[in-house]
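Peer 1: model this:
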Amino acid sequence: MSESTFQSFRDLTALRGCVAAWRAAGERVVLIPTMGALHDGHLALVAEARRIGRRTVASIFVNPTQFGPNEDFARYPRDLDADLALLARAGADAAWTPSVETMYPPGFATRIEVAGLTDGLCGPFRPGHFAGVATVVTKLLNQVRPDVALFGEKDFQQLRVLQQVAADLDLPVEIRGVPTVREPDGLALSSRNRYLSAEERAVAPKLHAVLAEIASASRSGTPVAGRIAAGRAALEAAGFRVQYLAVCDARTLVPVERVDGPARVIAAAFLGRTRLIDNRAV
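Peer 2: Next up is the predicted model:
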């Protein structure tokens, strides 16, 4: 794919016509849903999409329904021209950049909610967030109709929620996670990292360091409560306001007292005004 053949769509009929032509040619289609403000983590998703599929579509849509009333929807970074240039250089075939009116036309009245997986972790702190995510991603999947959709593992709860949606609704798509891309000092790449001041950016890698320590210590099967308490104290001493820090079953996201199967150490914490999330496999 060359930059000259990259296409950007605002019209759903045109997008579907393009994807239909690819499918008629027997080409495998991969979707990367994004909210823009692209960084190297997103470009890693493009690289993975090109590895596993013939055609790659990235959507760019800052979804209002997944933001709470006091969250950062208005100030969320937006630079569509820069994002499109990055996608073209990275080898994506197309971008889907729908308007709010296209995604939520007058009279829109449907929400998709997932019980269980959204009860803990981010769920209580962001009411309605996962319903917004599940609804908009289901729409994107129906619009693009990919064979595979890729999501970064940084938001592990989101990944599990969307896998559940696809399974429960018999959506003919594989929801696949891609390992988190990090800065050399361990900070998970995120569009919101640009909110951090220089002083906060110097402290931010402590979140991943604490998760890595807990993950390493939890592999022995010893009780995790003491490790979590120590990790929370370390983060608070560094200036974080911890919303949650837990070791959870990797499938159900239910907190565990000791690890006896696949698990994740998962955390969300504020550093100044910036909310950071991260996780680490145990």
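
Peer 1: Contacts only, for residue 41.
Peer 2: Residue 41 makes contact with 152, 154, 180-181, 188-190 under the criterion Cβ atoms under 8 Å, 6 or more residues apart in numbering. Glycine gets a C-beta too; all of them are placed from N, C-alpha and C.

Peer 1: before we move on, what SS does residue 177 have?
Peer 2: The three-state assignment at residue 177 reads strand, by DSSP: H, G, I helix; E, B strand; the rest coil.

Peer 1: in which helix or strand would I find residue 13?
Peer 2: Here residue 13 is covered by helix 12-24, with elements defined by DSSP states H and E.

Peer 1: could I have that helix exported to PDB, CA atoms only?
Peer 2: Output in PDB follows, covering the C-alpha atoms of helix 12-24 (Å, rounded to 0.1, in the frame of the first residue of the first chain):
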ATOM      1  CA  LEU A  12     -20.900   5.300   4.900                       C
ATOM      2  CA  THR A  13     -22.200   4.100   1.500                       C
ATOM      3  CA  ALA A  14     -18.800   4.900  -0.100                       C
ATOM      4  CA  LEU A  15     -16.900   3.100   2.700                       C
ATOM      5  CA  ARG A  16     -19.100   0.000   2.400                       C
ATOM      6  CA  GLY A  17     -18.700   0.000  -1.400                       C
ATOM      7  CA  CYS A  18     -14.900   0.000  -1.000                       C
ATOM      8  CA  VAL A  19     -14.900  -2.800   1.600                       C
ATOM      9  CA  ALA A  20     -17.300  -4.800  -0.500                       C
ATOM     10  CA  ALA A  21     -14.900  -4.600  -3.400                       C
ATOM     11  CA  TRP A  22     -12.100  -5.900  -1.200                       C
ATOM     12  CA  ARG A  23     -14.200  -8.700   0.000                       C
ATOM     13  CA  ALA A  24     -15.300  -9.700  -3.500                       C
END
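
Peer 1: Return the list of helices and strands in contact with it.
Peer 2: In terms of contacts (3 or more Cβ pairs under 8 Å, 6 or more residues apart in numbering; DSSP states H and E), helix 12-24 is packed against strand 7-9, strand 29-34, strand 55-60, strand 94-96, helix 129-144.

Peer 1: need the next SSE after the longest one, C-terminal direction.
Peer 2: Meaning helix 129-144. If you walk from helix 129-144 toward the C-terminus, the next helix or strand you reach (DSSP H and E) is strand 148-152.

Peer 1: Just give the strands next to that next one in its sheet, each with its orientation.
Peer 2: Here strand 148-152 has these sheet partners by DSSP bridges: strand 29-34 (parallel), strand 174-178 (parallel).

Peer 1: Please list the residues outside the first one that contact it.
Peer 2: Residues from elsewhere that reach strand 29-34, judged by Cβ under 8 Å, 6+ apart: 19, 22-23, 42, 45-46, 49-50, 52-61, 83, 92, 136-137, 140-141, 144-151, 173.

Peer 1: related to what we said a few turns ago, and the direction of the helix holding residue 13 versus that of strand 55-60, what angle?
Peer 2: Put simply, helix 12-24 runs at 160 degrees to strand 55-60, going by axes from the mean of the first three to the mean of the last three Cα atoms, to 10 degrees.

Peer 1: didn't residue 164 look like it was pressed against residue 117?
Peer 2: Yes. Between residue 164 and residue 117 a contact is recorded at 5.7 Å, counting by Cβ atoms under 8 Å.

Peer 1: Between those two, which has more neighbouring residues?
Peer 2: For residue 164 versus residue 117, the count of surrounding residues by other Cβ atoms under 10 Å is larger for residue 117: 21 against 18.

Peer 1: residues in contact with residue 62?
Peer 2: With contact set as Cβ under 8 Å, 6+ apart, residue 62 has these partners: 35-36, 73, 76, 78.

Peer 1: so which of these comes closest to residue 258?
Peer 2: When the contacts of residue 62 are compared for distance to residue 258, the smallest value, 36.7 Å, is given by residue 35; criterion: Cβ to Cβ.
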